[in-house]
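Engineer: from the sequence below, what's the structure:
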Amino acid sequence: MQGWLNGHGSTEETIRHLLASLLAGGTVDALLVGLRTPDGRNVVPTLVRDAALLERAAPLAPVLPVNAGMVLGLVTASGALGRVGAVMRNCELRTAVELSKVKQVLLDDVLFIGVDCLGAYRVEDYARMAEEGLDPVAPALVAARQGRVEPLDGFAFRPACTMCERPIPGVGESYAPHIALGLLGVENDQWLWVSVQDDRLAEMLGVELAEEPRSRVAAVQALVAARTAERDRRLDEFAERAHAPLALLAEFSTCIRCQNCMVTCPICYCKECIFRTDVFDHPSPRYWDWAERKGGVRLPSDTLLFHVTRMLHMAHACVGCGMCSDGCPVGIPVADIFRAVGRRVQESFGYVPGRDPGEEMIIATFREDELGEMGK
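Structural biologist: Numbers count the residues shown, from 1 in each chain. Below you'll find the model as predicted:
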């Protein structure tokens, strides 16, 4: 069911009113939503049970300090004490779907509230906007109503956002949330465009049925086409650049093996990781042996092995959220690299991360003929 929801002031106020009504009416027992920090320089996922805190809710703030799909696992994996209403961008929603397949997120007690993503800035850029008294939300909404997604002058979106071809929840090969809030191409700023999966919930919210505005359909199609073209350009550029092992090694030449990309990646879910054991803490004489045989040994060692191992473990389920690149202190385009590898793997198996909770992960299935074409 889709249609209009009566506005309550600004678009953000309308969304906050919607969230408060879900909490007050008992539809959910808690909300996972971004709240502004006291200094206003960041917006962080917060599990909210007191509706009064929703005054600080910033569901449209264009910043992604952590993937909320991973955070959802913290409050559901070992048993939620009630139903959680989770407000998420599509990359976060798709992350939650993937993590549900490996029992890191339990979906039984989750009500997903998806929001059109109008782009996101790096945390440090968002903090600078706050310090300079800039409001990135209002101009973003004005542009969105006109069918555009663009950053503020003097700023740039996170690189991953500029090639995200699935920015709209439930559109294309994306899991449809229980409630989807539409912003792009919606010219009416007095009402909020919503899609609701449950008719009773739609009736409770007071949704007035209507056909999806043509301006929205056209705007979504145009954005997806532009993002897909940018994705293909960037990933093809990487494939051309890193066509051999030495070229791939060069991509990671500045890596200091801090493992930030692994820590921030929501798909790297293993509780016990080989790179967090003493397996790679080699005895000192071994380094001397390698240096003797090779003439020299890079330290810290096993840098490329670390990244290749990560690729083998999670490239098939990469949702392109870009948290890995955000976490890299030396500016390696980790997200581009993993998306390039992931695209090849996913296309080979016809797998789309975040499409369907019932679709088993590639690494969880085996068919004798699944690599037949590659072997010919």
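Engineer: quick one, what contacts the most centrally placed residue in the chain?
Structural biologist: By Cα atoms, centre = their mean, the chain has its centre lying nearest to residue 91, at 2.9 Å. For residue 91, the set of contacting residues under the criterion of Cβ atoms under 8 Å, 6 or more residues apart in numbering consists of 67, 69, 117, 160, 164, 166, 319, 320, 321, 322. Bear in mind the C-beta positions are built from the backbone N, C-alpha and C, glycine included.
Engineer: where does the stretch 1-150 of the chain dip in pLDDT?
Structural biologist: Counting by pLDDT under 70, the stretch 1-150 of the chain shows no low-confidence range.
Engineer: all helices in it, in order from the N-terminus.
Structural biologist: Using DSSP state H, counting those that start in this stretch, the helices found in the stretch 1-150 of the chain span residues 11-24, 68-76, 90-100, 123-131, 137-145.
Engineer: hang on, the earlier thing: dump the contacts of residue 91 into a markdown table; add neighbour count and distance to residue 78 as well.
Structural biologist: Putting the contacts of residue 91 into a markdown table (neighbours: other Cβ atoms under 10 Å; distance: Cβ to Cβ, whole Å) gives the following:
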| residue | neighbour count | distance to residue 78 |
| --- | --- | --- |
| 67 | 26 | 19 |
| 69 | 28 | 17 |
| 117 | 25 | 29 |
| 160 | 24 | 30 |
| 164 | 28 | 31 |
| 166 | 24 | 29 |
| 319 | 29 | 23 |
| 320 | 23 | 28 |
| 321 | 30 | 24 |
| 322 | 30 | 28 |
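Engineer: care to break this protein down by domain?
Structural biologist: Using automatic domain parsing, the domain ranges for the chain come out as 2-228, 234-375.
Engineer: and those, which is most packed in?
Structural biologist: Among these, ranked by average contacts under mean count of other Cβ atoms under 10 Å, first place goes to domain 2-228 (a mean of 19).
Engineer: measure that domain end to end?
Structural biologist: From the first residue to the last, domain 2-228 extends over 26 Å; the measure is Cα to Cα, to the nearest Å.
Engineer: please apply the same query to stretch 139-155.
Structural biologist: Its first and final residues considered, stretch 139-155 spans 13 Å by Cα to Cα.
Engineer: residues making contact with that stretch?
Structural biologist: Under the contact criterion Cβ under 8 Å, 6+ apart, stretch 139-155 has outside partners 11, 60, 62, 116, 118-119, 121, 125, 129, 134, 136, 157, 167, 183-187, 189, 215, 218-219, 222-223.
Engineer: before we move on, what about stretch 208-220?
Structural biologist: Applying Cβ under 8 Å, 6+ apart, the set of residues contacting stretch 208-220 is 1-6, 144, 147-148, 168, 171, 182, 184-188, 193.
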